[in-house]
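Student: Show me how the following folds:
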Amino acid sequence: MDKTQNAPAKEKFKTMIGGQALIEGIMMRGPEKDAIVIRSSKGLQTEVHPRKINNPKSLKNWPFIRGIFNFFDSQLVGIKALMRSADLAPEEMQEEPSKLDLWLEKALGSETFQKVIVGIAMVMGVGLSVCLFFLLPMVISGFMDGVIQNTLLLNLVEGVIRMVIFLAYMILISRMKEMKRVFAYHGAEHKTIRCYEAKLPLTVENVRAQTRLHPRCGTSFLLVVMVISILVFSIASSALLALIPSLAAIRGSGLYRVTMILFKLLLLPLVVGITYEINRWAGRHDNWFTRIITAPGMWMQHFTTNEPDDSMIEVGIAAVTAVLPEKEGSDLW
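Tutor: Presented below is the predicted three-dimensional model:
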């Protein structure tokens, strides 16, 4: 393991700038702009777009609610950036559109076709995550409700199953040849932000020396979601059984399992909202407690990031530079 991974650069401040690895590139989001930088056959291609700033009094900025809006907004922007990177990537990495794609684009028009594809991709992406990391563990643990009567213990077992599935998934995709380069760009994104937060000049040499692990990564967010879900599901399930005694009487039945699964799925937006506030608070503080909270996510990043080469670091530098705010300090987390 690289020694620099054990000695992160000292943060001088915490920035809200963050991003996502793409196909041969990186997407960065700043306080005012979003940028996509792709290394194509023509060299570095950069696209910058202004961000839509919400009214401070808007519902979208309310605590516990803002996390839900931010989650879906980041998913939407991420999918659009990923699709755009596929268009800008080197020709040898691009796939020829199918006859169905060409027919739909002709029938719907290019702009409408893109919106439909983004919508389908977002529904499939979120749906797959919910099914794999929440619905499947619920179904598996549901068959134990006749044996495990303690609600907290049952939800703890469900949480452990969820963690095992998530870990196995991350390890498996990290071994895929196609994902190794994407995860290397992920590492370049983290290293560049680390260098920027250390207030060092954004050079390849300075960025290369940084750790590829970052406490405010989306991987950490997902892990905290899973931990918070155990607590929320346990409290809410106990409250539901207390309010509806007839439900407790049919414990172990198929109807009981379906009811509890649907109930927990309805609680997912609340879990996301709570997790966002925890991560937001932890991201603004640096103490023993926040280091404990972020430690599992930092460890998981050993699977979701790889060491980038210099060409990838150049992409990271270009992406961060493109979204730097005009007023210094306006990007504070």
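Student: gap between residue 298 and residue 64?
Tutor: 25 Å (CB to CB, to the nearest Å). C-beta coordinates here come from the backbone N, C-alpha and C atoms, glycine included.
Student: Same question for residue 129.
Tutor: Counting by CB to CB - residue 129 and residue 64 are separated by 21 Å.
Student: do the same with residue 271
Tutor: 11 Å.
Student: likewise residue 177?
Tutor: 41 Å.
Student: Compare the two (neighbour count), which wins?
Tutor: residue 64 (14 against 6; other CB atoms under 10 Å).
Student: Spit out the contact partners of the residue nearest to the more buried one when sequence neighbours are not counted.
Tutor: Distance criterion CB to CB, 6 or more residues apart in numbering; nearest residue to residue 64, sequence neighbours excluded, is residue 273 at 4.1 Å. Residues in contact with residue 273 (CB atoms under 8 Å, 6 or more residues apart in numbering) are 64, 65, 66, 67, 68.
Student: before we move on, what about residue 310?
Tutor: Residue 310 neighbours (CB under 8 Å, 6+ apart): 204, 208.
Student: for the one 3 residues further on, same thing?
Tutor: Taking CB under 8 Å, 6+ apart as the contact definition, residue 313 lies against 188, 191, 192, 204, 207, 208.
Student: Can you read off the pLDDT for it?
Tutor: pLDDT for residue 313: 97.
Student: Okay, and it sits in which element?
Tutor: helix 310-323 (DSSP states H and E).
Student: So for that helix, what gets flagged as buried?
Tutor: 312, 313, 314, 315, 316, 317, 318, 319, 320, 322, 323 (16 or more other CB atoms under 10 Å).
Student: Please apply the same query to stretch 258-277.
Tutor: Buried, per 16+ other CB under 10 Å, within stretch 258-277: 260, 261, 264, 267, 268, 270, 271, 272, 273, 274, 275, 276.
Student: Would you check that residue 217 makes contact with residue 187?
Tutor: No: taking CB atoms under 8 Å as the definition, residue 217 is not a contact partner of residue 187, at 10.6 Å.
Student: and the helix holding residue 313, how far out from the chain's middle?
Tutor: For helix 310-323, the separation from the chain centroid amounts to 20 Å (computed by CA atoms, centre = their mean, to the nearest Å).
Student: CA atoms only for that helix - export them in PDB, please.
Tutor: C-alpha atoms of helix 310-323 as PDB (Å, rounded to 0.1, in the frame of the first residue of the first chain):
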ATOM      1  CA  ASP A 310      -0.500  11.300 -14.200                       C
ATOM      2  CA  SER A 311      -2.900  11.700 -17.100                       C
ATOM      3  CA  MET A 312      -5.800  11.000 -14.800                       C
ATOM      4  CA  ILE A 313      -4.500  13.500 -12.200                       C
ATOM      5  CA  GLU A 314      -4.400  16.200 -15.000                       C
ATOM      6  CA  VAL A 315      -8.100  15.500 -15.600                       C
ATOM      7  CA  GLY A 316      -8.800  16.000 -11.900                       C
ATOM      8  CA  ILE A 317      -6.900  19.200 -11.700                       C
ATOM      9  CA  ALA A 318      -8.700  20.600 -14.800                       C
ATOM     10  CA  ALA A 319     -12.100  19.600 -13.300                       C
ATOM     11  CA  VAL A 320     -11.500  21.200  -9.900                       C
ATOM     12  CA  THR A 321     -10.000  24.400 -11.600                       C
ATOM     13  CA  ALA A 322     -13.100  24.700 -13.800                       C
ATOM     14  CA  VAL A 323     -15.500  24.900 -10.800                       C
END
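Student: Could you list the low-pLDDT ranges of the stretch 51-200 of the chain?
Tutor: Across the stretch 51-200 of the chain, the ranges flagged by pLDDT under 70 are 90-111, 113-115.
Student: now the helices: where do they sit in it?
Tutor: 66-88, 99-108, 110-130, 136-142, 151-174, 177-197 (DSSP state H, counting those that start in this stretch).
Student: could you dump those helices to TSV with distance to residue 26?
Tutor: Listed next are the helices of the stretch 51-200 of the chain as TSV, based on distance: least, CB to CB, whole Å:
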stretch	distance to residue 26
helix 66-88	9
helix 99-108	26
helix 110-130	19
helix 136-142	31
helix 151-174	18
helix 177-197	5
